[in-house]
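1. I'd like to go over a predicted model; first the sequence, then the structure.
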Amino acid sequence: MTIPTESEVLDALRQVMDPELGRNLVELTMVRDVVISPEGAVSFTLALTIPTCPMRNRMAQDARAVLAKVPGVTDVQITFGAMSEEERRDILGKGAPELPKLNAFNRVSQVIPVMSGKGGVGKSSVTAMLAANLARRGQKVGILDADITGPSIPKLFGLPAGGLRGSEQGMLPAVTGGGIRVVSTNLLLRDEAQAVVWRGPMISATIRQFWTDTLWGKLDTLLVDLPPGTSDAALGVLQNLPVTGVVLVTTPQDLAALVVRKAIQMIRQLNIPILGVVENMSYFRCPETQHEHAIFGPSHADVLAQEAGAPVAARLPIDPQIAALCDAGQAESIELEAIQPVVDLLLQPA
């Protein structure tokens, strides 16, 4: 029986990249304490930059996949460890990726991702309402729809599929009736119902291209509608765009609060400011009595805001008219006084 050598193991692991730093695990000194048993079982410690690294399971999966192809390897055991603060500073100092250059024709004053971590909380509708209200106040606004596989921004504004066009200088965004500039994968497709079945690296590359290749022109605010989760798309935006700060969206349910906490941890790890917490679907106001009913239970916004170190920017009601206007592609017609404090927050000088 052939027993693999440590050199063969390390050579194989050089094929595994840290998605955040763009360098291989061996080069980053993340592979430690390699042990190879007489039976061909390989074990090692994967020293993470932070113990809660969101990419750790992906890197471990990739490591097992490459080692399974090494002759003589019968099993792979990976233990997670963590770098010291000094090691982490050294690695991040050398490995931090350079932000992609913006198209020379563009001037974007601030980039604001709208994020939750949880699906179904209304991030896209909040993004659309923020954009419409900023535009009403005279701002030049764009929306980068980073929900690559489940885009909904074009539908909210009534923009038809295939609405993006190219030029020698770059990609021309679609423009809403109110002058909001939009890029989205649904604007690249002939049929808005066509599925986009892409893996993580292609999703990240598309987001980068939307940022670098689009002719945004002069924008006061670029809103980024993020998909649920804390993986490739969210990480790609938070690391590859010059983010000013994040608006967090949640709903009153305990489950939503649990998942939003994961997003808070991710944002903190990347040292990005959280500007405010928006609790969507916070209550339903009876049109006859004006009494507010907590349909989804008591609010958790204050607790989440405290954990995020940010204010509760708004509590938005359940309003069937908002849903109807969004379905009709008339998001710019929504009038909602409750969202104005969030708009005020985004208009404050940095």
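-> On my side now, so go ahead. Residues are numbered from 1 along each chain as shown.

2. domains of this structure?
-> Annotated domains of the chain cover 6-95, 107-347 [automatic domain parsing].

3. so M171 makes contact with T212?
-> No - assessed by Cβ atoms under 8 Å, M171 is found out of contact with T212, at 9.6 Å. Every residue, glycine included, has its C-beta placed from N, CA and C.

4. part of a helix, is E332?
-> Yes - counting by DSSP: H, G, I helix; E, B strand; the rest coil, E332 is found in a helix.

5. was I right about it contacting A132?
-> Yes - using Cβ under 8 Å, E332 makes contact with A132 at a distance of 4.5 Å.

6. returning to that earlier point: quick one, which of the domains of the chain is packed in tightest?
-> Highest mean neighbour count of the domains of the chain: domain 107-347, a mean of 19 (counted as mean count of other Cβ atoms under 10 Å).

7. mind checking the end-to-end distance for that one?
-> 17 Å (Cα to Cα, to the nearest Å).

8. quick one: mean pLDDT for it?
-> Average pLDDT, domain 107-347: 88.

9. tell me which stretches of the stretch 101-250 of the chain form strands.
-> For the stretch 101-250 of the chain, the strands defined by DSSP state E, counting those that start in this stretch occupy 107-108, 111-115, 141-145, 165-166, 171-172, 174-175, 181-183, 218-219, 221-225, 246-250.

10. need the residues touching each of E332 and A132.
-> Counting by Cβ atoms under 8 Å, 6 or more residues apart in numbering, the shared contacts of E332 and A132 are G178, I180.

11. tell me the contacts of A146?
-> Contacts of A146 by Cβ under 8 Å, 6+ apart are P113, I207, F210, V224, D225, L226, P227, A233, A234, G236, V237.

12. next structured bit after the longest strand along the chain?
-> Longest strand in the chain by number of residues, with DSSP state E as the criterion: strand 274-285. Following strand 274-285 in sequence order, the next helix or strand is strand 292-293 (DSSP states H and E).

13. please name every helix or strand in contact with that following strand.
-> strand 274-285 (3 or more Cβ pairs under 8 Å, 6 or more residues apart in numbering; DSSP states H and E).

14. the strand it packs on - contacts with which helices or strands?
-> Packing contacts for strand 274-285, counted by 3+ Cβ pairs under 8 Å, 6+ apart, involve helix 123-136, strand 246-250, strand 292-293, helix 301-308, strand 312-317, helix 340-347.

15. same for the helix or strand just after the fifth one, what does it pack against?
-> By that I understand strand 312-317. Next along the chain after strand 312-317, taking DSSP H and E as the criterion, comes helix 320-327. Helix 320-327 is packed against helix 123-136, helix 153-157, with contacts defined by 3+ Cβ pairs under 8 Å, 6+ apart.

16. dump the last one to CSV, restricted to CA.
-> It stands for helix 153-157. C-alpha atoms of helix 153-157 as CSV (Å, rounded to 0.1, in the frame of the first residue of the first chain):
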residue,chain,number,x,y,z
ILE,A,153,-35.9,44.7,-8.2
PRO,A,154,-36.8,44.9,-11.9
LYS,A,155,-40.3,43.6,-11.1
LEU,A,156,-40.8,46.2,-8.4
PHE,A,157,-40.1,49.0,-10.9
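
17. the inter-axis angle of the helix of greatest length in the chain versus helix 301-308?
-> Assignment by DSSP state H gives helix 254-269 as the longest helix of the chain. With axes from the mean of the first three to the mean of the last three Cα atoms, to 10 degrees applied, the angle from helix 254-269 to helix 301-308 works out at 20 degrees.

18. okay, which residue is most central for this structure?
-> A234 (1.8 Å; Cα atoms, centre = their mean).

19. before we move on, the earlier item: take the helices and strands packed on strand 274-285 and lay them out in JSON lines including distance to L156.
-> Output for the helices and strands packed on strand 274-285, formatted as JSON lines (distance: least, Cβ to Cβ, whole Å):
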{"stretch": "helix 123-136", "distance to L156": "4"}
{"stretch": "strand 246-250", "distance to L156": "15"}
{"stretch": "strand 292-293", "distance to L156": "26"}
{"stretch": "helix 301-308", "distance to L156": "24"}
{"stretch": "strand 312-317", "distance to L156": "15"}
{"stretch": "helix 340-347", "distance to L156": "17"}
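
20. which one of those lies closest to T45?
-> helix 301-308 (31.0 Å; Cβ to Cβ).

21. got the contact list for that closest one?
-> Identification of contacts with helix 301-308 by Cβ under 8 Å, 6+ apart yields 248, 250, 252, 257, 260-261, 264, 267, 274, 276-277, 279, 282, 311-312, 315.

22. so which of the residues you listed comes closest to L25?
-> For the contacts of helix 301-308, the nearest to L25 is I267 (25.1 Å; Cβ to Cβ).
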